[in-house]
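> task: produce atomic coordinates for the following.
(one chain, ligands or ions: 2)
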Amino acid sequence: MEDPFGHHISYLRVSITDRCNERCRYCMPDEEQQWFDRAEVLTYEEMLRVIQVGTRLGIRKVRITGGEPLTRPGAVDFCAQVAALPGIRDVGISTNGTLLTKPLADGRTTAEALVQGGVRTANLSLDSLDRASYFSTTRRDLLPKLLAGIDAAQDAGFGSIKFNCVLIRHQTERELMNLIMFAREKGALIRFIELMPVSTAEVLREDSFLACGQAKKLIERETGPLIPRPDYKTNGPASYYQIPGTDQLIGFIGAMTNFHFCETCNKLRLTCDGKLRPCLGSYLEFDLREVLRSGCSDDELADFFLHVVARKPKEHDFRGSYQPGRRMIAIGG
Ligand code: SAM
Ligand code: SF4
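Ligands and ions are numbered 1, 2, ... in the order given. I've put the predicted structure just below:
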């Protein structure tokens, strides 16, 4: 599948739930959540069918996300079913990591079951290593659970573990080096993500936004100039650098300040309520659930995919008129 700007679409992010056991301020600022009714959320069977049709059109990589995907019962089995679909080469999960140690009925940890089910990569949110700051950001005192989850992920043997840290002014600055050293200790990549206006308009304020460029400068004060690693590519928009004198890589995901951010976009998003979205930072979304539940054929579903891809915008509109219309938690980060 190719969009009008030559983006080759091979990556589908699938949000399997809008629910979460944390309440990150930048993601879902309101404590009172209006969750989707169960009937509004696609069943696993429906999601599998959509992904399967996607594979016919060139989808090769799927990332399972949410909300917190591991809060949905059956998530581990679903991941394994996705990984087993012919045509799928890579399955990853984005998680806050706090449920990775949870034992399944057969005694395995959730992390082990994910790896054994064929999930290759785990992207773990890690905004702070300080318990009080972690609590203030996520509104849950779950840092110890996350740290145990990180160990469980390492023991389970994921092919790659990445930490994602959202840059928050007046908070992340003082933790940058600690976070990098922690990632180094764990043999993991860490990426710093600029705040995006994806939940409510108030999230992105002058006094909360910390640009990647500013974070990079602060890091360089400690390390000397970072070494650009344009040769290092993952399946996303991060720019990678190496810490001098080490083999530690760090990434910056600068949706707001990097004007080349969308050039290599290869993604579509399926929301948990069955909307196919061509871009995170655009209002465009197309109701796949209605089509799916109207008894359509696989060919009709494939046509729907192509219709959405043909409408993929050239770039996101976060710097323009975009005001969040839907919660990040529903779209899937
Ligand atoms: N619950 C999982 C987690 O926290 O990793 C998966 C879903 S979460 C929505 C996916 C990613 O989106 C996380 O790394 C989170 O930090 C990021 N995110 C959420 N809200 C954001 C915002 N306003 N700006 C930038 N990144 C955001
Ligand atoms: Fe939950 Fe992840 Fe959003 Fe935090 S970022 S509230 S952990 S979905």
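> touching ligand 2 at all, the helix or strand encompassing Leu146?
Using DSSP states H and E, Leu146 maps to helix 143-156. No. Interface with ligand 2: helix 143-156 contributes nothing (C-beta under 6 Å from any ligand atom), its closest point being 9.7 Å away. Quick note: C-beta positions are derived from backbone N, CA and C, even for glycine.
> against Leu167, how distant is Asp106?
Distance, Asp106 to Leu167, using C-beta to C-beta, to the nearest Å: 40 Å.
> which of these two has more neighbours?
More crowded of Asp106 and Leu167, by other C-beta atoms under 10 Å: Leu167, with 24 against 7.
> show the model's pLDDT score for His238.
One thing to correct before we go on: residue 238 is Ala, not His. pLDDT, Ala238: 86.
> doesn't Ile253 make contact with it?
Yes. Taking contacts as C-beta atoms under 8 Å, Ala238 lies within contact range of Ile253: 4.9 Å.
> need the overlap of contacts for the two.
Shared contacts of Ala238 and Ile253 (C-beta atoms under 8 Å, 6 or more residues apart in numbering): Arg191.
> neighbour count winner among the two?
The neighbour count for Ala238 versus Ile253, taken as other C-beta under 10 Å, is higher for Ala238 (24 against 21).
> give the contact list for the more buried one.
The contact partners of Ala238, by C-beta under 8 Å, 6+ apart, come to Arg191, Gly251, Phe252, Ile253.
> hmm, Arg174 and Leu218 touching each other?
No. Using C-beta under 8 Å, Leu218 is not in contact with Arg174, being 9.2 Å away.
> between the two, who's got more neighbours?
Of the pair Leu218 and Arg174, Leu218 is the one with more neighbours under other C-beta under 10 Å, namely 16 against 12.
> pLDDT weak spots in the protein?
Along the chain, segments meeting pLDDT under 70 span 29-32, 199-205, 235, 259-262, 281-283, 313-333.
> where exactly do the strands run in it?
Secondary structure of the chain (DSSP state E): strands located at 11-15, 61-65, 90-95, 121-125, 160-166, 189-193, 227-228, 239-242, 249-253, 267-270, 275-277, 286-287.
> could you pull up phi and psi at the residue nearest to Glu220 when sequence neighbours are not counted?
Spatial nearest neighbour of Glu220, excluding adjacent residues (C-beta to C-beta, 6 or more residues apart in numbering): Leu226 at 5.9 Å. When read as degrees, to the nearest 10, the backbone of Leu226 gives phi -70, psi 150.
> who's in contact with Leu226?
Lys216, Ile219, Glu220, Tyr241, Gln242, Ile243, Pro244, Ile250.
> buried ones among these?
Buried residues within the contacts of Leu226, counting neighbours by 16 or more other C-beta atoms under 10 Å: Lys216, Ile219, Tyr241, Gln242, Ile243, Ile250.
> among these, which two are most distant?
Lys216 and Gln242 (12.5 Å; C-beta to C-beta).
> that older thread, and the helix holding Leu146, what other elements does it pack with?
Judged by 3 or more C-beta pairs under 8 Å, 6 or more residues apart in numbering; DSSP states H and E, helix 143-156 is in contact with helix 110-116, strand 121-125, helix 131-138, strand 160-166.
> turn these into TSV, including distance to ligand 1.
TSV is the format used below for those (distance: least, C-beta to the nearest ligand atom, whole Å):
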stretch	distance to ligand 1
helix 110-116	14
strand 121-125	4
helix 131-138	9
strand 160-166	4
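> as TSV, those with mean neighbour count would be great.
As requested, these are arranged in TSV below (neighbours: other C-beta atoms under 10 Å):
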stretch	mean neighbour count
helix 110-116	23
strand 121-125	23
helix 131-138	17
strand 160-166	21
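> how about the residues of the stretch 51-200 of the chain by ligand 1?
Counting by C-beta under 6 Å from any ligand atom, the stretch 51-200 of the chain sits next to ligand 1 at 65-66, 68, 94-96, 125, 164, 166, 193, 195-196, 198-199.
> just those residues that are near ligand 2?
Among these, proximity to ligand 2 is found for Gly66, Glu68, Asn96, Ser125 (C-beta under 6 Å from any ligand atom).
> can I get those residues in TSV including distance to Val14?
Shown next, in TSV, are those (distance: C-beta to C-beta, whole Å):
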residue	distance to Val14
Gly66	9
Glu68	14
Asn96	17
Ser125	17
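> mind listing what the nearest residue to Asp155 once chain neighbours are set aside touches?
Of all residues not flanking Asp155 in the chain, Ala111 sits nearest, at 7.2 Å (C-beta to C-beta, 6+ apart). Ala111 is in contact with Leu100, Thr101, Ala122, Gly149, Ala152, Ala153, Asp155, Ala156, Phe158, counting by C-beta under 8 Å, 6+ apart.
> and if you look at Glu40?
Asp273, Arg289.
> what about it, distance to ligand 2?
Using C-beta to the nearest ligand atom, to the nearest Å, we find Glu40 at a distance of 18 Å from ligand 2.
> one more: Leu176?
Per C-beta to the nearest ligand atom, Leu176 is found 19 Å from ligand 2.
> right, I'll call it a day here.
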